[in-house]
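# Provided below are the primary sequence and the corresponding predicted coordinates.
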Number of protein chains: 2
Amino acid sequence: MVSIKDVAEAAGLSVATVSRALNGRSAVSDEARARVLSAAESLGYRPNVVARSLRTDRTGTIGLVISDVLNPYFTELARSVEEEARALGYSVIIGNADERAELEAHHVRSLLERRIDGLIVSPADGRSPLTLDAADGPTPLVFVDRWIPGCAAPVVRADGRGAIRDLVAHLYGLGHRRLAIITGPAATTTGRERVEAFRSALSEFGLSLPESHVGRGDFQAESGRLATERFLDLPERPDAVFAADNLMALGALDAIRERGLSVPDDIGLAAFDDIPWFPHTAPPITAVSQPTAELGRVAVRALADLISGGTAGSTVLPAHLVVRRSCGEPETSAPTGGATRE
Amino acid sequence: MVSIKDVAEAAGLSVATVSRALNGRSAVSDEARARVLSAAESLGYRPNVVARSLRTDRTGTIGLVISDVLNPYFTELARSVEEEARALGYSVIIGNADERAELEAHHVRSLLERRIDGLIVSPADGRSPLTLDAADGPTPLVFVDRWIPGCAAPVVRADGRGAIRDLVAHLYGLGHRRLAIITGPAATTTGRERVEAFRSALSEFGLSLPESHVGRGDFQAESGRLATERFLDLPERPDAVFAADNLMALGALDAIRERGLSVPDDIGLAAFDDIPWFPHTAPPITAVSQPTAELGRVAVRALADLISGGTAGSTVLPAHLVVRRSCGEPETSAPTGGATRE
DNA sequence: TCCAATCATGTAATCGTTTTCACGGTGTGC
DNA sequence: GCACACCGTGAAAACGATTACATGATTGGA
């Protein structure tokens, strides 16, 4: 590999001048600059960012730890994070936790050792001690989507409560009374928030949520399938099921299809997180839609601010309900709140 | 940040001994090792991998440049690559090219500057000069899925020809004669291969592929929508459309739905790349399925071999057809070749 | 004309590791 | 008892960049 020394030699200048010419920080004569640039060009010089980082203590890189790379919600998030970061001059290293706490820890550790400038985390486990340490450590950190309660780090997330209330109103309006939910892990904030919002919306409509109508999932498809099977085995099966993320909704569809049942005639289905496939499933699925890309952008800007010494705070963006046909044929009246219909 | 020097001081030993104790390479007395470990522990020492990489010229990292992170095919690939790499002791940095040649170049350049140990690329553009240079450069490189013809680097990919022939046989058996294809960019190998295989299978059945039945797409949803709209505007619209990837099939569904037409009654639809949502779309979509995760694993193993001085070669794995209902109600006879039915 | 400021450049220290080399001490084989 | 291998250790040289400081030349103002 050709180093700055080779360039200096070829240009007949010192490495210091070459460095200055290439970085354009301090004054260099036009003649020297030209010699450097042509030497660098003809030798195919590529700066060694490893050496640079060691000296400057900056890597120009931020880490992003997401809970599940197979979840379209998180890939959309990852894409917008990378895009915004690139616009701000940062590279992004993605770590996929696969909803496993120990994998999350592995990636957080590995990213910190890599001396990234900052970290964006969507914790797979809300109690992860390592991530907690990291949040209190010297490396700037921002939570996105999920967070760890009691951490000082800024949180960028969507508030699903209003949209979940709209969803319950929608279900109630369609005549559904026995409602069930497939939750995420209780260890995650989103897992808890969604079930709590659902429960409190139910009680607003005078409905209760018996334990048998709470399926404990882990945000992955298989758990949605299992929980749905249990619902279908109940003496009185639920009128409608709310899956707390899109993958568990996929699992629910698998289970319902296996039994030869139909949505929404035999059982209604709704999901948290809207994805491009939902308009095309049989039937199109009613879902709570988050401003996913915007969450990613805001998180990056908050992190960039922290890195440059700022004091960025938390952000909460609204989610909204998108009504389709998976809970029954839509009523004629307009839905409550900010819901849209397709 | 606490450095090896601090540990050495605390342990009352030289940095050399600390380094040896922590890496376990060369002999260190039990007593010294114990002192080092306890000092490192109590100081919370984390090695600086940047400095280590500078010295050893190894980063323990491989780069993965994929064409589109929003494409479930590539996320599944990315996941298996990361998993296998982790098992082999490597970290993975993912670059998303978004099907844009200049973004691909950006990521390749940035990864090389980062001095990754090896690179896995699925080129968004088969002529990308920078990627071509990289393939001939000192950094080991493996192509996955797509490749750049004329490069010496190993290619790990699936051969879709047999499955595409099975698909055409399936369509022919259902009585479809006017077949159309939405291709990927001609600049990609998979873009070309899939249309060529389709064309040659058609001619095997005595069918032709007029220019009006070739929609030029770019592997993204919007292009699938536009190409499908043109098909639907033809005086005689095609009996069935084959989309060369899953996102363009999504776009095709959008277009068909907008016109109020139905699949497969008004027009049949099939796709390359099977994804978990296809069994649940309306109707379930017939698709060519690749051994995606296996491709990722094989690519990583080939790259690891190259990195350690080996001479890994190319691998071609078979793809197969999964028949569902999007081309018409299945015939009663068994499908040709290795096709499965759901 | 002279002093000081500015400019372009070079020298060398530095970042935190790993690793080569040297060195003294300890056994081992004869 | 001697030579030799080996073991544990430390000093110091790398790795490739950035940058504080020094230096000599040029310029500008008084």
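The structure has been received and is ready for your questions. Given the structure is predicted, the values throughout are model-derived calculations rather than measurements.
# in the stretch 201-342 of chain A, which residue sits nearest chain B?
Chain B sits closest to residue A:282 of the stretch 201-342 of chain A, with a gap of 3.7 Å, by C-beta to the nearest C-beta. In this view, the C-beta of every residue, glycine as well, is placed from N, C-alpha and C.
# how many neighbours does residue A:131 have?
For residue A:131, the count of nearby residues is 28 (other C-beta atoms under 10 Å in any protein chain shown).
# tell me the contacts of it?
When contacts are counted by C-beta atoms under 8 Å, 6 or more residues apart in numbering or on different chains, residue A:131 touches A:104, A:105, A:108, A:121, A:123, A:148.
# quick one: average confidence on the strand or helix carrying it?
Per DSSP states H and E, residue A:131 falls inside helix A:129-136. Helix A:129-136 comes out with an average pLDDT of 82.
# centre of the chain to it, how far?
Centre-to-centre, helix A:129-136 and its host chain are 19 Å apart (C-alpha atoms, centre = their mean, to the nearest Å).
# buried sites along it?
Buried positions in helix A:129-136, judged by neighbour count with 16 or more other C-beta atoms under 10 Å in any protein chain shown: A:130, A:131, A:132, A:134, A:135.
# again with stretch A:304-313
Neighbour-count burial for stretch A:304-313 flags A:304, A:305, A:306, A:307, A:312 (criterion: 16+ other C-beta under 10 Å).
# mind putting those residues in a markdown table, secondary structure, pLDDT and distance to residue B:194 included?
Putting those into a markdown table (DSSP: H, G, I helix; E, B strand; the rest coil; pLDDT from 0 to 100; distance: C-beta to C-beta, whole Å) gives the following:
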| residue | secondary structure | pLDDT | distance to residue B:194 |
| --- | --- | --- | --- |
| A:304 | helix | 97 | 41 |
| A:305 | helix | 96 | 46 |
| A:306 | helix | 96 | 46 |
| A:307 | helix | 95 | 44 |
| A:312 | coil | 92 | 46 |
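# re the thing from before, could the contacts of residue A:131 be laid out in TSV, adding pLDDT, neighbour count and secondary structure?
TSV is the format used below for those (pLDDT from 0 to 100; neighbours: other C-beta atoms under 10 Å in any protein chain shown; DSSP: H, G, I helix; E, B strand; the rest coil):
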residue	pLDDT	neighbour count	secondary structure
A:104	93	25	helix
A:105	92	19	helix
A:108	93	26	helix
A:121	95	31	strand
A:123	92	27	coil
A:148	91	22	coil
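# alongside DNA strand D, which residues does the stretch 1-150 of chain A contribute?
Contacts of the stretch 1-150 of chain A with DNA strand D, taken as C-beta under 7 Å from any atom of the strand, map to A:1, A:3-5, A:15-16, A:19-20, A:22-23, A:25, A:45, A:47-48, A:51-52, A:54-56.
# just the buried residues of those residues.
Among these, the ones that count as buried by 16+ other C-beta under 10 Å are A:4, A:19, A:20, A:22, A:45, A:48, A:51, A:52, A:54.
# list the contacts for whichever residue of the stretch 201-342 of chain A sits closest to DNA strand C?
Of all residues in the stretch 201-342 of chain A, residue A:307 sits closest to DNA strand C, at 18.3 Å by C-beta to the nearest atom of the strand. Contact analysis of residue A:307 by C-beta under 8 Å, 6+ apart lists A:62, A:117, A:118, A:140.
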